[in-house]
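# coordinates only, no sequence provided:
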């Protein structure tokens, strides 16, 4: 495992590239393009906050993304088309863990393996610095639960979780351990 860098932001805001996608640090000027993808109610149909497609609800989501200093816009590598958003958050330097979440993809990118590809990219990058990665998945978000289980994460518990600026909702906690812990 690499030594943890002096600045947490430096490693969690590195540009990441996978075979079909790239993850580029999110900036405030990205709001309109990201919101265009998020404005469809179907994107949030199983999420604990089903109203994120509404402008005022999405503004809270986006503000949290920017303040996290770990958020990414997701783009197709070959076309540069915007696909969605994701982030690292809640780094624990003592427990050597971090969470990945707040992920969404526009409907045009569902069921094509993009979510698995972006998770793989983020997990591989984070495992240079941490020993475990956690995911909070809404208790009613069956699509995300199935996806993260297929990715290899194991459900380790339940938590009442308040997403940034939102009310507390029941979530499941999933974990992936670094196979090379040091």
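Okay, I see it. Here the structure is a predicted model, which is why all the values come from computation and not from measurement.
# quick check: which element contains residue 156?
Here residue 156, judged by DSSP states H and E, is contained in strand 154-162.
# what's the first helix or strand after that strand?
By DSSP H and E, the next helix or strand past strand 154-162 is strand 168-177.
# what helices or strands is the strand holding residue 156 leaning on?
Helices and strands touching strand 154-162, as assessed by 3 or more Cβ pairs under 8 Å, 6 or more residues apart in numbering; DSSP states H and E, comprise strand 168-177. Using the backbone N, CA and C atoms, a C-beta is placed for each residue, glycine as well.
# if we go to 10 Å?
Packing partners of strand 154-162 (3 or more Cβ pairs under 10 Å, 6 or more residues apart in numbering; DSSP states H and E): strand 132-138, helix 142-151, strand 168-177.
# quick check: which of those is buried the most?
Comparing those by mean neighbour count (mean count of other Cβ atoms under 10 Å), strand 132-138 comes out on top with a mean of 21.
# quick one: strands adjacent to that one?
Applying DSSP bridges to the sheet, strand 132-138 is found paired with strand 97-105 (parallel), strand 168-177 (antiparallel).
# report the angle between it and strand 154-162.
For strand 132-138 against strand 154-162, the angle by axes from the mean of the first three to the mean of the last three Cα atoms, to 10 degrees is 60 degrees.
# what mean pLDDT does strand 132-138 get?
Averaging pLDDT along strand 132-138 gives 94.
# quick check, pLDDT for residue 181.
Here, the pLDDT recorded for residue 181 equals 66.
# number the chain from 305, please
I'll keep to 305 as the first residue from here, and by that count the last item is residue 485.
# on that earlier part again, would you turn the helices and strands packed on strand 458-466 into TSV with distance to residue 379?
Shown next, in TSV, are these (distance: least, Cβ to Cβ, whole Å):
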stretch	distance to residue 379
strand 436-442	22
helix 446-455	20
strand 472-481	24
